[in-house]
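S.K.: Kindly return the folded structure for what I paste below:
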Amino acid sequence: MPVVRHDGCDLQYDIAGQGAPVVFASGLGGTAAWWQREMPLYAQHYRCLAFDQRGTGRSSHVLVRSVEQMAADVVAILDHAGIERAHMVGHSTGGAIGVAMALDHPGRIASLVIQSSTSHGDAYRRRLFEIRRSLHAISAADYARFTTLLLYPPYIINARDAALAAEEAANAAALGPPAVQGSRLDAILAFDRRAEMHRIAIPVRVIVADDDILTPRYFAEQLVQHIPGAEAAFTPRGGHALSRSEPAVFDSLVLPFLARVTAA
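M.R.: Numbering: from 1, shown residues only. Purely as a prediction, here's the structure:
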């Protein structure tokens, strides 16, 4: 597993496949493991890269200053992998990292899929994050169990109870210390580049499920409003974890977009 040192952090990433480069950026959990289904599948057509964000997983469990810092981490990883420009698929926090990439490092990103992400922090998200912060201070396992309720709709939880329990254990083990994860919460709440999004000049597709309670649809609607030419792709169900709840739906919204923008 390649490792690159950047801004006081060892960043680990996975890479597979050949073709146009596609970077997968995960949500608040931050690890490449979120994309364990997509990596081998999409690597049949693309050179796929997924990474553990600073503060998570196999990367250094160090404090995070900002989403912009994590976008600079992506640039360092691309440099290390010898990739000049890549398409990007970002889930939740990963979508915000993609927006920061498009604004601060426009030459390095060719297109962006923003799935289940936000346009800014607001009172609703702050309340959710305050609960998550409090739970993590008590128990990483409790934090992971609550995260399941935020990620998945009830029909998925009822159908996959045992598998989700195993997933929760893995998620708890990958968490950084409460102070580190708290810094990640603060970074995403503070991220607000709406006034600059008119500068984004790459193809963008914004995806969200109507039953997503962690990043409700109104955030996606704002992103589409602020990013010139952004495409909206709304789906009735799947929750925040659409790629895991409804993988066929996720692929139907992402793969044709990638095929189109890479052909262009």
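S.K.: Find the least confident helix or strand in this protein, judged by mean pLDDT.
M.R.: Across the helices and strands of the chain, mean confidence by mean pLDDT, DSSP states H and E is lowest for helix 161-174: a mean of 91.
S.K.: Buried residues in that helix, which are they?
M.R.: Residues L164, E167, E168, N171, A172, A174 are the ones in helix 161-174 that count as buried (16 or more other C-beta atoms under 10 Å). Heads up, the C-betas are built off the backbone N, CA and C, glycines and all.
S.K.: would you list every one of the helices in the stretch 101-250 of the chain?
M.R.: 123-138, 140-151, 154-159, 161-174, 178-190, 217-226, 242-245, 247-263 (DSSP state H, counting those that start in this stretch).
S.K.: what about the residue lying closest to A43 once chain neighbours are set aside, how many neighbours?
M.R.: Closest residue to A43 in three dimensions, ignoring its sequence neighbours and counting by C-beta to C-beta, 6 or more residues apart in numbering: G17, at 2.9 Å. The local packing of G17 (other C-beta atoms under 10 Å) involves 18 other residues.
S.K.: if I read this right, G17 contacts Y46, doesn't it?
M.R.: Yes. With contact defined as C-beta atoms under 8 Å, G17 reaches Y46; the gap is 5.6 Å.
S.K.: Let me see the contact set for T31.
M.R.: By C-beta atoms under 8 Å, 6 or more residues apart in numbering, T31 lies in contact with D52, Q53, T56, G57, R58, A174.
S.K.: any idea how far it is from A86?
M.R.: For T31, the distance to A86 (C-beta to C-beta, to the nearest Å) stands at 19 Å.
S.K.: just Y13 next, same as before
M.R.: 12 Å.
S.K.: quick one: common contacting residues for these two?
M.R.: Common neighbours of Y13 and A86 (C-beta under 8 Å, 6+ apart) are L49.
S.K.: and stretch 183-191, average pLDDT?
M.R.: Average pLDDT, stretch 183-191: 97.
S.K.: Likewise for stretch 220-239?
M.R.: 98.
S.K.: Kindly check the end-to-end length of it for me.
M.R.: Terminal residues of stretch 220-239 lie 14 Å apart, using C-alpha to C-alpha, to the nearest Å.
S.K.: wait, what's in contact with the closest residue to S26 other than its chain neighbours?
M.R.: Spatial nearest neighbour of S26, excluding adjacent residues (C-beta to C-beta, 6+ apart): W34 at 3.8 Å. By C-beta under 8 Å, 6+ apart, W34 lies in contact with F24, S26, G27, A50, H91, S243.
S.K.: ok, now with 10 Å
M.R.: 24-27, 50, 52, 57, 91-92, 94, 171, 174, 241, 243-244 (C-beta atoms under 10 Å, 6 or more residues apart in numbering).
S.K.: next one: V99
M.R.: 67, 71, 88, 90, 109, 112, 114, 117-119, 191, 193-194, 196-197, 200, 204, 223, 226-227.
S.K.: so how far is R194 from it?
M.R.: With C-beta to C-beta as the criterion, V99 and R194 are 10 Å apart.
S.K.: hey, what's in contact with both of the two?
M.R.: Common neighbours of V99 and R194 (C-beta under 10 Å, 6+ apart) are S119, L223, H226, I227.
S.K.: quick one: which of the contacts of T31 is nearest T148?
M.R.: A174 (14.1 Å; C-beta to C-beta).
S.K.: That closest one and G57 touch, don't they?
M.R.: Yes. When contacts are counted by C-beta atoms under 10 Å, A174 is listed as touching G57 (4.8 Å).
S.K.: which residues are common contacts for the two?
M.R.: G29, G30, T31, A33, W34.
S.K.: gap between the helix or strand in which V23 is found and the chain center?
M.R.: V23 is part of strand 21-25, with elements assigned from DSSP states H and E. Centre-to-centre, strand 21-25 and its host chain are 10 Å apart (C-alpha atoms, centre = their mean, to the nearest Å).
S.K.: go on, stretch 240-251?
M.R.: Counting by C-alpha atoms, centre = their mean, stretch 240-251 comes out at 13 Å from the chain centroid.
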